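1. this is a predicted model, with the sequence first.
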Amino acid sequence: MFESLSDRLQGIFRSLRGRGLLSEAQVEAALREIRLALLEADVHFRVTKSLLDRVRAQAMGQEILRSLSPDQAVLRVVRDEMIALLGGDAPRPLQTSSRLPSVVLMTGLQGSGKTTSSAKLGRWLARADHHPLLVSTDVYRPAAREQLGVLARQAGLPVHNPAGVDEPRAILRSALSEARAVGHDFVLVDTAGRLHIDDQLMAELADLKTLAQPSEVLYAADSMTGQDAVRSAEEFHRRAGLTGIVLTKLDGDARGGAALSIAAVTGCPVKFAGVGEKLDDFEPFHPARMVSRILGMGDVLGLIERAQQNVDREQAQTLARRLRRSEWSLEDFRDQMRQLRKLGPLDQVLSMLPGAAALKGVDAEAGEREMRRQAAIIDSMTPPERRDPGLLNGNRRKRVARGSGTSVEDVNRLLRQFVQARKLMKTLGAGGGKTLKRLAARLPQLR
């Protein structure tokens, strides 16, 4: 998502480098290019105009025109305005009611990802020590309630599906009664998908809101749709009073500009984003981090948080001890590759690194295939061979190649890479002890 927009914007800022002081004509030329990049990415024309008007007002100031690094100065202005466009620096927390349970209505067009987002939100709440109850009031789409039940079971969450009740308001009343009786602190309501021009269903949504008195009315916005998503969000906000937006399918390859426009058009912040197909691929939306990634500035904090959630802390501490003792083996090499793959697809990880534009030519899929191949090679070795690669003579290397479905050249290449990596690890273990200790001392702060 946003790859085309990211490439265009980064190219514009690169063109400003090394020019010394900027002239007003150069700023205007850059703004024209930014306008084209935003419109080509499907950003709403009103949003584009408003954003560029604010950028122009600041970029024409003497601070920018006299800056010794004009590309960085203009970049800072564009970054700040795009962050403001998406709702500000900090993520917006999920609002709760003073009287439990807090009710969250999930709304949106049919096929926008409401049902999956409801289950993902429930999973996210459960991991934060809440006790959500899921319920679907969609009595129109065949098997809609059953779909939510399947996803809820996969997430290990309770779902309310009263037998013989087929009226949305009655289903919601029943779910609220169960939540109060059992002690659920959240009720997540997956409403029926509807067109914004369907007056009957929009009236039903207003009735459900009156009955539930929700703390949040979230709009599931499909990041892969175009400008119709903006028009729909406007109408949903007018009729139902949205409080936040959930961007779905953010891992897709669409242009994504419409998703950037919805927050500005409705005035509602983006609160969550679905970043993959798994139920755990759901996270609070950080405007500053998303904009930094679009502009090629990376998302180091996001990478650290992803590592905290997926990396085995005890295993990392064991590795640190082995590094200090110069005991790093092929098993450790394999385990580190597995830990890296837990962070998600390699292209996502690379996009979170500062200067990701310089890695644009890297074939992430080939990198993942190579890691799988190397893991298969190491798995085909015996435990003594993994601990002491010096045992791998010619015959043993042939056996390992046959066992892993690779060639002897692949085995030799892996061993050369391991020798180089072990030299680096020995350097860290011997001369970098103080660095490792400082890093270990900071780890508790990153929890």
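-> Ah, there it is.

2. just the helices in the stretch 1-150 of the chain please.
-> For the stretch 1-150 of the chain, the helices defined by DSSP state H, counting those that start in this stretch occupy 3-15, 24-40, 45-59, 62-65, 70-85, 114-127, 144-155.

3. and the first one, average pLDDT?
-> Just to be clear, that refers to helix 3-15. The pLDDT scores in helix 3-15 average 66.

4. before we move on, what about the longest one?
-> Averaged over helix 24-40, pLDDT sits at 79.

5. buried set for stretch 262-276?
-> 262-266, 268-276 (16 or more other C-beta atoms under 10 Å). Using the backbone N, CA and C atoms, a C-beta is placed for each residue, glycine as well.

6. restricted to strands, list the residues you listed.
-> Judged by DSSP state E, strands contain the following of those: 270-274.

7. burial of the nearest residue to residue 396 once chain neighbours are set aside, as a residue count?
-> Using C-beta to C-beta, 6 or more residues apart in numbering and skipping residues adjacent in sequence, the residue nearest residue 396 is residue 385, 6.7 Å away. Using other C-beta atoms under 10 Å, residue 385 has 19 other residues around it.

8. what about residue 385, helix or strand, and which?
-> When elements are assigned from DSSP states H and E, residue 385 belongs to helix 383-387.

9. residue with max distance from the center of this protein?
-> Here the chain reaches farthest from its C-alpha mean at residue 395, the gap being 46.3 Å by C-alpha atoms, centre = their mean.

10. that residue and residue 402, how far apart?
-> According to C-beta to C-beta, to the nearest Å, residue 395 stands 11 Å off from residue 402.

11. likewise for residue 240?
-> 63 Å.

12. what of residue 234?
-> From residue 234 to residue 402 the distance is 62 Å (C-beta to C-beta).

13. go on, residue 51?
-> In terms of C-beta to C-beta, residue 51 sits 59 Å off from residue 402.

14. also residue 133?
-> Going from residue 133 to residue 402 by C-beta to C-beta gives 54 Å.

15. comparing those two, which residue is more hemmed in?
-> More neighbours surround residue 133 than the other of residue 133 and residue 402, with 24 against 12 (other C-beta under 10 Å).

16. give the buried residues for stretch 136-151.
-> For stretch 136-151, using 16+ other C-beta under 10 Å, the buried residues are 136-138, 144-145, 147-149, 151.

17. can you list the low-confidence ranges for this protein?
-> In the predicted model, the chain carries pLDDT under 70 at residues 1-22, 61-72, 90, 196-197, 226-227, 251-259, 293-327, 340-365, 367, 424-447.

18. spatially central residue for it, please.
-> Centroid-nearest residue in the chain, with C-alpha atoms, centre = their mean: residue 275, separated by 4.2 Å.

19. I'd say that one and residue 248 touch.
-> No: counting by C-beta atoms under 8 Å, residue 248 is not a contact partner of residue 275; they are 9.7 Å apart.

20. residue 143 and residue 205, how far apart?
-> Counting by C-beta to C-beta - residue 143 and residue 205 are separated by 21 Å.

21. sorry, slip of the keys, the one I care about is residue 389.
-> Residue 389 is 64 Å from residue 205, by C-beta to C-beta.

22. the two - which one has more neighbours?
-> Neighbour count, other C-beta under 10 Å: between residue 389 and residue 205, residue 205 has more, with 22 against 18.

23. roughly how far out does stretch 104-115 sit from the chain middle?
-> Chain-centre distance of stretch 104-115: 19 Å, with C-alpha atoms, centre = their mean, to the nearest Å.

24. may I see the buried residues of that stretch?
-> Result for stretch 104-115 [16+ other C-beta under 10 Å]: buried residues 104-109, 112-115.

25. list the residues that contact residue 191.
-> 105-107, 114, 137-138, 168, 205, 208 (C-beta atoms under 8 Å, 6 or more residues apart in numbering).

26. sorry, that was for residue 287
-> Residue 287 makes contact with 82-83, 85-89, 91, 270, according to C-beta under 8 Å, 6+ apart.

27. which non-adjacent residue is nearest it?
-> Counting by C-beta to C-beta, 6+ apart, the residue nearest residue 287 is residue 86, at 3.7 Å.

28. ok, back up a step: ranking by neighbours, what's the top pick from the contacts of residue 287?
-> In terms of neighbour count, residue 270 stands highest of those at 25 neighbours, by other C-beta under 10 Å.

29. check contacts around that residue.
-> Shown in contact with residue 270 (C-beta under 8 Å, 6+ apart): 86-87, 92, 244-247, 262-263, 285, 287.

30. apply 7 Å and report the result again.
-> 86-87, 245, 247, 263, 285 (C-beta atoms under 7 Å, 6 or more residues apart in numbering).

31. which residues touch stretch 404-414?
-> So stretch 404-414 is in contact with 373-374, 376-377, 380, 397-398, 400-401, going by C-beta under 7 Å, 6+ apart.

32. could you redo the last one with a cut-off of 8 Å?
-> So stretch 404-414 is contacted by 373-374, 376-380, 392, 397-398, 400-401 (C-beta under 8 Å, 6+ apart).

33. now do stretch 132-148
-> Taking C-beta under 8 Å, 6+ apart as the rule, stretch 132-148 contacts 101, 110, 115, 118-119, 121-122, 125-126, 152, 157-161, 166-169, 171-172, 175, 178-179, 182, 184-193, 208.
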